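Trainee: Structure for this input, please:
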Amino acid sequence: MLAGCEGRPWAAQPGFTLIELMVTLAVVGILAAVAAPALTGMIAGNRLAGASGEMAASLQLARSEAIRRNARVTICASEDGEECASSTDWSSWIVTGPDNAAAAGTPDEVIVARLAEGSVQVTGPQNGIVFRPSGLIDAAANVTLCAPTSALEENQRDITVMISGNITTTRSAGGAECD
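Mentor: Now for the predicted structure:
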């Protein structure tokens, strides 16, 4: 005769029944189906917040470097991370300015190069934003960051650089698609 726990025949074994396991899996599946859209929106929102934070930091760096170097410093779109590109697609951008230690006539030094992560789309002025040695710019400029998703209500961040060089960021609803 077969013995179970503690020598009793056919005693109850510890564990789960097949029905308990199936019910648990069904509950987990329902919770995952409900949570997935919210998780998608949260991920898109975090990517957008991170990219807009990096852009604002790059703009502030460009302004402070212009003042520190007493020279014009440019933030612009870049295709190769080394030179400015005449483009409104700022998915990759650089901060560039003269290297005060370099000989006259040498190309500008790339101070920082950044790339927008994920599907975040960045648009800005075609010729970049140039900070004068005073920290001012010639005309107000806008940089727009957008996450192309309908899972996020406010999927756009507009960064405005005022003539004074001050930076403001606002949220807006750009729709599921970006311009």
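
Trainee: Do a quick rundown of the strands in this protein.
Mentor: For the chain, the strands defined by DSSP state E occupy 73-77, 92-97, 109-115, 121-123, 129-131, 141-146, 156-161, 167-172.

Trainee: Name the residues of the last one that are buried.
Mentor: The one in question is strand 167-172. Across strand 167-172, burial judged by 16 or more other C-beta atoms under 10 Å covers Ile167, Thr169. For glycine as for every other residue, the C-beta is placed from the backbone atoms N, C-alpha and C.

Trainee: And the third one, by the same measure?
Mentor: Counting neighbours by 16+ other C-beta under 10 Å, one finds that the buried residues in strand 109-115 are Glu109, Val110, Ile111, Val112, Arg114.

Trainee: Closest to Val130 out of those residues?
Mentor: Ile111 (13.6 Å; C-beta to C-beta).

Trainee: can you tell me how far the closest one sits from Glu117?
Mentor: Note on Ile111: its distance to Glu117, by C-beta to C-beta, to the nearest Å, is 20 Å.

Trainee: Find the nearest non-adjacent residue to the residue positioned nearest the centre of the chain, please.
Mentor: Centroid-nearest residue in the chain, with C-alpha atoms, centre = their mean: Ala51, separated by 2.4 Å. Spatial nearest neighbour of Ala51, chain neighbours left out: Val120 (4.4 Å); criterion: C-beta to C-beta, 6 or more residues apart in numbering.

Trainee: and that neighbour, what does it touch?
Mentor: Arg47, Leu48, Ala51, Ser91, Leu145, Cys146, Ala147 (C-beta atoms under 8 Å, 6 or more residues apart in numbering).

Trainee: mind listing the helices for this protein?
Mentor: Along the chain, the segments classed as helices by DSSP state H run 18-69.

Trainee: which regions of it lie under the pLDDT threshold?
Mentor: By pLDDT under 70, the low-scoring segments of the chain are 1-13, 101-106, 179.
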